[in-house]
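> Sequence plus the predicted model coming up.
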Amino acid sequence: MNSIQRHFASDNNAGICAEAWAALAEANTGHAPSYGDDAWTTRATDLIRDVFETNCEVFFVFNGTAANSLALASLCHSYHSILCHELAHVETDECGAPEFCSHGTKVLLIPGLNGKIDPASIETMVKKRTDIHYPKPRVVSLTQATEVGTVYTPEEIRAVCRMAKKHELSVYMDGARLANAVASLGVAPRELTWQAGVDALCLGGTKNGAAVGEAIVFFHKPAAFEFDYRCKQAGQLCSKMRFISAPWVGVLQDGAWLRHAAHANAMAARLEAGLRDLPGVRLLFPRQANAVFAELPGAVAEGLRQKGWRFYTFIGAGGGRFMCAWDTQESDVDRFLTDLRNFLPTPSPEAPSGGVPSRSDHP
Ligand SMILES: Cc1ncc(COP(=O)(O)O)c(C=O)c1O
């Protein structure tokens, strides 16, 4: 068996954190009302309202694709369009679910540096066409932290929201890793969401210590109208809801959600520091959350894979994605870096400046 316990493939490769596990065990006693009418779901909802310091509407679903797709569908009609970054998960990794769940809403792609939407391109896309033949833009979807491991500052989110509101668009946030962004920026969750103008949010649990389950949070409450029916119709209303909501109580009640996110971010920072300045290795994006993107020489990536390390190379804009999780250990990072260094070519004595090979030596 592979002796490597924890990888850098995804934060959803990690297990369940102790706080979520303990809450699950506690919830696993006796009978409780089904479909969300239980005390755990009420408590989890209240805790989410406390975290965001507002009286929002909260729903729990099984996964992020459903959360994004159903929430987006509730913010538009089928003849509308959703504007998102060209690397957004809703575009690249949801198999067309946002279009499917909204019965045909078109996803329009806009560019932007470091995985972030450029507010000016929202306007460009809206003004590109205003005739009846064009799917009318209605929602902007942004991802926090982004798919390339960067984070939007509160001011950047406000700028996106200002532009969206100027054109009567709602703003949705895919917060699969919102916890990592909050921990990274050290700001109140409200500053990154409703105070900045975000109407609805997917708050990710799976990547931060839960087994399963994301929370959909509507700050603009009218958008939540009959959302429970939408969830039910889509097969996303869990009958034993307490087992989705209890872990939220576990991670939210004493701040574990942010501790875990801060830890994952710190592990990514350690990895980034170790990769910096290694010959042939190129960091691709500023590391601001729990992911490091780096281009490795092909032979090095192959060697690491053969040694048993797992990481993706098809996500974002190419290169390797090295994702840290709540349970990543310093020793995991150090061992990975040691293995990586061992695959780097030994400098030849006569080569200038230590014989560092150029990147072109390693396709
Ligand atoms: C940015 C982002 N959004 C949403 C998701 C949710 O995906 P899933 O449907 O696998 O829970 C992911 C998972 O990788 C993600 O990275």
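It's in.
> For the rest of this, base every contact and every neighbour count on C-alpha atoms.
OK.
> Run through the residues of the stretch 101-250 of the chain sitting next to the ligand.
Residues of the stretch 101-250 of the chain lying close to the ligand by C-alpha under 6 Å from any ligand atom are 147, 174, 176.
> The first one - that's part of a helix, no?
No. Residue assignment for Glu147, taken from DSSP: H, G, I helix; E, B strand; the rest coil, gives coil, which places it outside any helix.
> Helix, strand or coil: sort out Thr130 for me.
Thr130 is classified as coil under three-state DSSP.
> Can you read off the pLDDT for it?
If you check Thr130, the pLDDT there is 93.
> Just the buried residues out of the residues of the stretch 101-250 of the chain next to the ligand, in PyMOL syntax.
Command for PyMOL, covering only those of these found buried under the criterion 16 or more other C-alpha atoms under 10 Å:
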select buried, resi 147+174+176
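> which one of the residues of the stretch 101-250 of the chain next to the ligand is nearest Leu344?
Glu147 (27.8 Å; C-alpha to C-alpha).
> Distance of the closest one relative to Thr42?
Applying C-alpha to C-alpha, to the nearest Å, the value for Glu147 to Thr42 is 31 Å.
> same thing with Leu169?
31 Å.
> With neighbour numbers in mind, choose between the two.
Higher neighbour count among Leu169 and Thr42: Leu169, with 25 against 16, using other C-alpha atoms under 10 Å.
> Hmm, the more buried one is touching Lys136, no?
No. Between Leu169 and Lys136 there is no contact under C-alpha atoms under 8 Å: 9.9 Å.
> Thr143 bridge partners, please.
Asp174 (DSSP bridges).
> burial count for it?
Residues near Thr143, counting by other C-alpha under 10 Å: 28.
> Surely it is in contact with Glu86?
No. Assessed by C-alpha under 8 Å, Thr143 is found out of contact with Glu86, at 11.2 Å.
> Which residue ranges of the stretch 51-200 of the chain form strands?
57-61, 80-85, 106-110, 136-143, 170-175, 200-203 (DSSP state E, counting those that start in this stretch).
> Can you tell me, leaving aside adjacent residues, what's nearest to whatever residue of the stretch 151-300 of the chain ends up closest to the ligand?
The nearest approach of the stretch 151-300 of the chain to the ligand comes at Ala176, 4.9 Å away (C-alpha to the nearest ligand atom). Among residues not flanking Ala176 along the chain, Gly204 sits closest, at 3.9 Å (C-alpha to C-alpha, 6 or more residues apart in numbering).
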